[in-house]
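S.K.: take a look and give me a structure for this.
(4 chains, ligands or ions: 4)
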2 protein chains.
Amino acid sequence: MTHNRLNYIEILHAHGYRVTPQRLAVLDALCAAGGHTTSAEVLARARALDARIDRSTVYRSLDVLVKSGLALTAPGDNAGETRYEIVQESPHHHLRCSRCGTEHELSAASAGAFFRQVEREYGYRLTGDHLVLEGVCPECQKHTAGH
Amino acid sequence: MTHNRLNYIEILHAHGYRVTPQRLAVLDALCAAGGHTTSAEVLARARALDARIDRSTVYRSLDVLVKSGLALTAPGDNAGETRYEIVQESPHHHLRCSRCGTEHELSAASAGAFFRQVEREYGYRLTGDHLVLEGVCPECQKHTAGH
DNA sequence: TCTCTTGCTGCAACGAGTCGCAGGTGGGTG
DNA sequence: CACCCACCTGCGACTCGTTGCAGCAAGAGA
Ligand SMILES: [Mn+2]
Ligand SMILES: [Mn+2]
Ligand SMILES: [Zn+2]
Ligand SMILES: [Zn+2]
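M.R.: Ligands and ions are numbered 1, 2, ... in the order given. Okay, here's the model as predicted:
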């Protein structure tokens, strides 16, 4: 089943990668997970599909999916942790509440004006299309204000 | 010598931490390094000051410095790598060129308008004051254009 | 369908970072 | 200045992610 929207076979081939059962298991695992997922969870889900799949193969497959544009990475909660996400239709960033951990998506368009201003001011053309911005969500602000 | 600007002893005490030779060695190492530094380099520099200091103590000390507000973290070049920096006078973000690796500082004020707009639009109050934004620097853009 | 080549996999070994524990030390109290 | 206890350190063991290698299989070509 894997991915119902993208032609992952063509995409992998177009990037010079072979289509293997292990890579499809990892792709399935990513799709099944939905949103951002830790590599530990991908490993567990992939093993449910193929009990013999090795840890290193899962990491290498995630890398292949990212390089092919089928998956995105995002920094995790704990510094040094990487999370993975099957690529979405529309590019987006994330807002993460540092108190309660919930996340909201931020359309890439919302950041566009800021990116353009940085380009005018510093000459840098910003390419990141999957930022995770830390903040305090409206709910948690209420709770603090309530004290 | 350690830090000539901040009263690190008061700050550590204020956060409930003790002042130990090991923590000062790590603080010294951070100051000596100047800008963003890898934990490996902090470990090496700290060992030059105290040959018996343990790896785990260096990591725990870096954690203490970050929690006390004396140090900042930033994601490193390789995903999963954390860099450290002694806290600066003025809060700032970073622009990193994904081609040549050079970095420029971006004053926190430059991002302020964007942060305020996100707050209006989504209710999130953004707190991150040490972002690392990926992009292509002016130099590298010229080189690409030249082809 | 068969062959051949190249890239992929599983394995084992390694390095970076984390954690529990027993002994040592900072610093508050008198 | 001496005592004491909570906190900290060094150590060892562990986990997570990476890498080199030998055997295996994807898929192009015939
Ligand atoms: Mn996302
Ligand atoms: Mn910085
Ligand atoms: Zn919240
Ligand atoms: Zn550059």
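
S.K.: who's in contact with the lowest-mean-pLDDT helix or strand in chain A?
M.R.: Taking mean pLDDT, DSSP states H and E as the measure, chain A has helix A:138-146 as its least confident helix or strand, at a mean of 81. For helix A:138-146, contacts defined as Cβ atoms under 8 Å, 6 or more residues apart in numbering or on different chains pick out A:97, A:99-100, A:102, A:136, B:122-125. (C-beta placed from N, C-alpha, C; glycine too.)

S.K.: tell me which element the most centrally placed residue in chain A falls in.
M.R.: With distances taken as Cα atoms, centre = their mean, residue A:85 lies nearest the centre of chain A, 3.1 Å away. For residue A:85, the host element (DSSP states H and E) is strand A:82-86.

S.K.: chain center to that strand: distance?
M.R.: The chain centroid and the centroid of strand A:82-86 are separated by 3 Å under Cα atoms, centre = their mean, to the nearest Å.

S.K.: again with stretch A:31-51
M.R.: 13 Å.

S.K.: rounded mean pLDDT for that stretch, please.
M.R.: For stretch A:31-51, mean pLDDT is 95.

S.K.: ok, the nearest residue to residue A:97 once chain neighbours are set aside - contacts?
M.R.: Closest residue in space to residue A:97, ignoring its immediate chain neighbours: residue A:137 at 3.8 Å, by Cβ to Cβ, 6 or more residues apart in numbering or on different chains. By Cβ under 8 Å, 6+ apart, residue A:137 lies in contact with A:95, A:97, A:99-100, A:102, A:104, B:123-124.

S.K.: export the least confident helix or strand of chain A to CSV, keeping only CA atoms.
M.R.: Provided in CSV are the C-alpha atoms of helix A:138-146 (Å, rounded to 0.1, in the frame of the first residue of the first chain):
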residue,chain,number,x,y,z
PRO,A,138,-2.7,30.4,23.3
GLU,A,139,-4.0,27.8,25.8
CYS,A,140,-0.8,27.8,27.9
GLN,A,141,-0.7,31.6,27.9
LYS,A,142,-4.2,31.6,29.4
HIS,A,143,-3.1,29.3,32.2
THR,A,144,-0.2,31.4,33.1
ALA,A,145,-2.2,34.6,33.0
GLY,A,146,-4.8,32.9,35.2
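
S.K.: mind listing what's buried along that helix?
M.R.: A:140-141 (16 or more other Cβ atoms under 10 Å in any protein chain shown).

S.K.: looking at the contacts of helix A:138-146, which are in strands?
M.R.: Among the contacts of helix A:138-146, the residues falling in strands (DSSP state E) are A:97, A:136, B:125.

S.K.: isn't residue A:15 right up against residue A:68?
M.R.: Yes - with contact defined as Cβ atoms under 8 Å, residue A:15 counts as touching residue A:68 (4.5 Å).

S.K.: more neighbours: these two, which one.
M.R.: residue A:68 (20 against 13; other Cβ atoms under 10 Å in any protein chain shown).

S.K.: out of the ones in strands among the contacts of helix A:138-146, who's nearest ligand 3?
M.R.: residue A:97 (3.1 Å; Cβ to the ion).

S.K.: pull the contacting residues for that closest one.
M.R.: A:103, A:135-137, A:139-140, B:124.

S.K.: do you know the pLDDT at it?
M.R.: Confidence score, pLDDT, at residue A:97: 92.

S.K.: ok, what's across the strand from it?
M.R.: residue A:135 (DSSP bridges).

S.K.: repeat that for residue A:85.
M.R.: Under the criterion used here (DSSP bridges), residue A:85 is bridged to residue A:72.

S.K.: does chain B have contacts with the lengthiest helix in chain A?
M.R.: Ranked by number of residues, the top helix in chain A under DSSP state H is helix A:108-122. Yes - judged by Cβ under 8 Å from any Cβ of the partner chain, helix A:108-122 and chain B are in contact via A:110-111, A:113-114, A:117-118, A:121-122.

S.K.: any chance of the ones in strands among the contacts of helix A:138-146 in JSON lines, plus distance to residue A:28?
M.R.: Output for the ones in strands among the contacts of helix A:138-146, formatted as JSON lines (distance: Cβ to Cβ, whole Å):
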{"residue": "A:97", "distance to residue A:28": "30"}
{"residue": "A:136", "distance to residue A:28": "36"}
{"residue": "B:125", "distance to residue A:28": "38"}
